[in-house]
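J.: Generate a structure from the sequence data that follows.
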Amino acid sequence: MRTTPAVLAAAAATVTLLGTCVTPATALAVADPPQPPIHITGKVIRGGADGRPHQLVCPAPFNAYSGGFTIRAGKDGRLIQEPADLLESRPNDNANGWIVAVRKGQYVEPQHPRPYSDRTPTRIEPADLVIHVVCTQDMPTHGM
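T.: All right, here's what the predicted structure looks like:
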């Protein structure tokens with residue numbers, strides 16, 4: 001059998017068509033679908049509203065998309081009236097976690113058996129802090 005240029009051209013066109021039909025379907029089957037964003041709540045940091053930076057990191061391969069914090073009074077305390085002083089709330093340098101630095105005090109009640117109405121606060125300590133972070137695989141903030 002003799003191969004002519006027309007036969008070679010037809011074979012090449014068929015291979016090209018098959019290649020374009022197969023490649024996208026194969027690529028879709030191989031790629032993992034993106035995961036939805038996840039919200040992570042950190043542990044309670046006792047006395048963490050002390051003005052120093054604290055960090056919560058996303059699990060790999062997620063990146064920090066946004067974040068925030070919650071302030072709580074401890075077991076024997078109550079929050080002071082003054083508002084919190086937020087010093088820092090941002091992604092860390094590689095955008096794989098969130099950093100928060102906030103100052104907020106709490107009155108700590110004395111430990112004795114008198115009725116609660118008779119108790120007077122003996123000292124002010126930093127309130128407890130909980131950091132929250134939203135992590136995504138789509139778009140990291142990279143220090144936004």
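J.: now the helices for this structure?
T.: Taking DSSP state H as the criterion, the chain carries its helices at 5-30.
J.: what bits of it have low per-residue confidence?
T.: Counting by pLDDT under 70, the chain shows low-confidence ranges at 1-33, 111-121, 139-144.
J.: go with 90
T.: 1-36, 74-77, 108-123, 137-144 (pLDDT under 90).
J.: Strands of that one, residue ranges please.
T.: Using DSSP state E, the strands found in the chain span residues 38-41, 54-57, 63-72, 77-79, 85-91, 97-103, 105-108, 123-126, 128-136.
J.: who wins for proximity to Gly47 among the ones you listed?
T.: Nearest of the strands of the chain to Gly47, taken as Cβ to Cβ: strand 123-126 at 4.5 Å. No exception for glycine: its C-beta is placed from N, CA and C like everyone else's.
J.: What pairs with that closest one, parallel or antiparallel?
T.: Looking at strand 123-126 with DSSP bridges, its partner strands are strand 105-108 (antiparallel).
J.: would a markdown table of the strands of the chain with distance to Gly48 be doable?
T.: Listed next are the strands of the chain as a markdown table, based on distance: least, Cβ to Cβ, whole Å:
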| stretch | distance to Gly48 |
| --- | --- |
| strand 38-41 | 13 |
| strand 54-57 | 5 |
| strand 63-72 | 9 |
| strand 77-79 | 13 |
| strand 85-91 | 13 |
| strand 97-103 | 8 |
| strand 105-108 | 11 |
| strand 123-126 | 7 |
| strand 128-136 | 3 |
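J.: okay, these in JSON lines with mean neighbour count next?
T.: Formatted as JSON lines, the strands of the chain follow (neighbours: other Cβ atoms under 10 Å):
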{"stretch": "strand 38-41", "mean neighbour count": "14"}
{"stretch": "strand 54-57", "mean neighbour count": "19"}
{"stretch": "strand 63-72", "mean neighbour count": "20"}
{"stretch": "strand 77-79", "mean neighbour count": "16"}
{"stretch": "strand 85-91", "mean neighbour count": "15"}
{"stretch": "strand 97-103", "mean neighbour count": "22"}
{"stretch": "strand 105-108", "mean neighbour count": "20"}
{"stretch": "strand 123-126", "mean neighbour count": "15"}
{"stretch": "strand 128-136", "mean neighbour count": "21"}
